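> let me see the structure of the following:
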Amino acid sequence: MTHVENELNSQPECWIRAAEQAERQRGALPEAGERVAVVGCGTSYFMAQAVAALREGAGQGETDAFAASEFPYARSYDRVVALTRSGTTTEVLELLGRLHGRTRTTAVTADPGTPVVAAVDDLVVLDFADERSVVQTRFATSALTLLRAHLGLHGDAVVADARTALRDPLPEGLVACTQFTFLGRGWTVGLANEAGLKMREASLSWTEAYPAMEYRHGPISVTSEGTATWMLGPAPEGLAGQVRATGGLWIEGDLDPLAELVRAQRLAVAVAAARGLDPDRPRHLTRSVILAP
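Predicted coordinates:
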C-alpha cells in the first residue's frame, strides 16, 4: 500500500482528533466578528476557499481566501490564517513576514519544527495529520475539520460518512473515464477544486472544476460518453439530467461533501494504479515549494 493510501485511510481518526483540538485551542482561532483572510498554496489554498465560505456563511464575519502569492496587502484584516502543511513554503513565509507587527496571524501546520512557528502570533499544530506523501490528503481535510469544528459545523455524522466513503466501492465505470469534472456550490467549490487537483497530481488526469451553476455556461460542451461529472453537495435542479443526456457519467454526492472529497482521493489513487503510476511520486512535484532567494 502506498503512503497516500495509508494516509487517506486514516482520515476519520484524524478528524476526530482535529475536532477535539479545535476546542482546546479556541483562543488561537478566529473570533466571531473578526475580519479574516485565509491563505495557502495549492491544496491549502483550496481548503482556504472552503473555510472562507463556511465562516462567512455561518455569520462569523467577513472572510476572504487567497493564494499566498496573491494576498492584497492594501486591505486591512483583523487576522490572517495561514494553512501550511510543511511550514516551509516560500510564499507563505514571505507573506507572514510582511504582516508581522501589523496584523495578527495564525498558522495551522503539521510540523512544529519549521520556520512558520516563529513567524506567527498563534499556532495550531496537527502533527498527527502530517504526511510522508507529496500528495496531500489527511492534513488538508484535518485542517478544514479543525475550522469546521471551531464554527460548530462538524459532528459525528461527518466522520461516519468518511468511513462510508472509504468502505464502499467506487461507482462502476468511473475509473475507466478519460476526463473528470468536479462541481461545487458555496463552500464545496473549494472541495471541487481540490478534488480536481488530486486527480491531476496523482493520476495525470484531464480534470476540471467549476461552481455548479457555471458548468452549463460552456464547460458542459466537453461532456460525453467516457467522461464523468461529480457533484460535491446538492446539485442544481435539472443538472443531473442534462449531464446524463450527453452520455457522460453523473456522480451524485450523497455523503457529507468532505467525505465525498475522500472518495475523490480514492479515485485518484485508483486511476493512478490503473495507469501504472505511483501516486507517492507525482511528476514534477515536491512536498514543499521552497524558492531560491
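> how about the strands in the stretch 51-200 of the chain?
Remark: strands of the stretch 51-200 of the chain, listed N- to C-terminal, are 63-67, 79-84, 104-109, 122-125, 179-184; assignment by DSSP state E, counting those that start in this stretch.
> so can I have a markdown table of those strands showing mean neighbour count, distance to L255 and mean pLDDT?
Quick note: C-beta positions are derived from backbone N, CA and C, even for glycine. Formatted as a markdown table, the entries for those read as follows, by neighbours: other C-beta atoms under 10 Å; distance: least, C-beta to C-beta, whole Å; pLDDT from 0 to 100:
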| stretch | mean neighbour count | distance to L255 | mean pLDDT |
| --- | --- | --- | --- |
| strand 63-67 | 20 | 24 | 98 |
| strand 79-84 | 27 | 23 | 98 |
| strand 104-109 | 24 | 24 | 98 |
| strand 122-125 | 19 | 26 | 98 |
| strand 179-184 | 26 | 14 | 98 |
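> can you add distance to A195 and give the ones you listed back as JSON lines?
As requested, these are exported to JSON lines (distance: least, C-beta to C-beta, whole Å):
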{"stretch": "strand 63-67", "distance to A195": "17"}
{"stretch": "strand 79-84", "distance to A195": "17"}
{"stretch": "strand 104-109", "distance to A195": "21"}
{"stretch": "strand 122-125", "distance to A195": "25"}
{"stretch": "strand 179-184", "distance to A195": "4"}
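> those strands: which one's closest to V262?
Across the strands of the stretch 51-200 of the chain, the minimum distance to V262, taken as C-beta to C-beta, is reached by strand 179-184, at 13.3 Å.
> output that closest one as PDB, restricted to C-alpha atoms.
Taking Å, rounded to 0.1, in the frame of the first residue of the first chain, the C-alpha atoms of strand 179-184 are listed here in PDB:
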ATOM      1  CA  GLN A 179     -12.000  13.100 -18.300                       C
ATOM      2  CA  PHE A 180     -13.300  14.200 -14.900                       C
ATOM      3  CA  THR A 181     -15.200  17.300 -13.800                       C
ATOM      4  CA  PHE A 182     -15.900  18.200 -10.200                       C
ATOM      5  CA  LEU A 183     -18.600  20.700  -9.200                       C
ATOM      6  CA  GLY A 184     -19.500  22.500  -6.000                       C
END
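> who does it pair up with?
Sheet partners assigned to strand 179-184 using DSSP bridges are listed as strand 206-211 (parallel), strand 227-231 (parallel).
> can you tell me which of those strands is packed in deepest?
Greatest average neighbour count among these goes to strand 227-231 (a mean of 25), per mean count of other C-beta atoms under 10 Å.
> next SSE downstream of that one?
Taking DSSP states H and E as the definition, the helix or strand that follows strand 227-231 towards the C-terminus is helix 239-245.
> so which elements touch that following helix?
With contacts defined as 3 or more C-beta pairs under 8 Å, 6 or more residues apart in numbering; DSSP states H and E, the secondary structure elements packing on helix 239-245 are strand 227-231, strand 249-252.
> and the ones you listed as CSV, adding distance to G42 and mean pLDDT?
Formatted as CSV, the entries for those read as follows, by distance: least, C-beta to C-beta, whole Å; pLDDT from 0 to 100:
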stretch, distance to G42, mean pLDDT
strand 227-231, 20, 98
strand 249-252, 24, 96
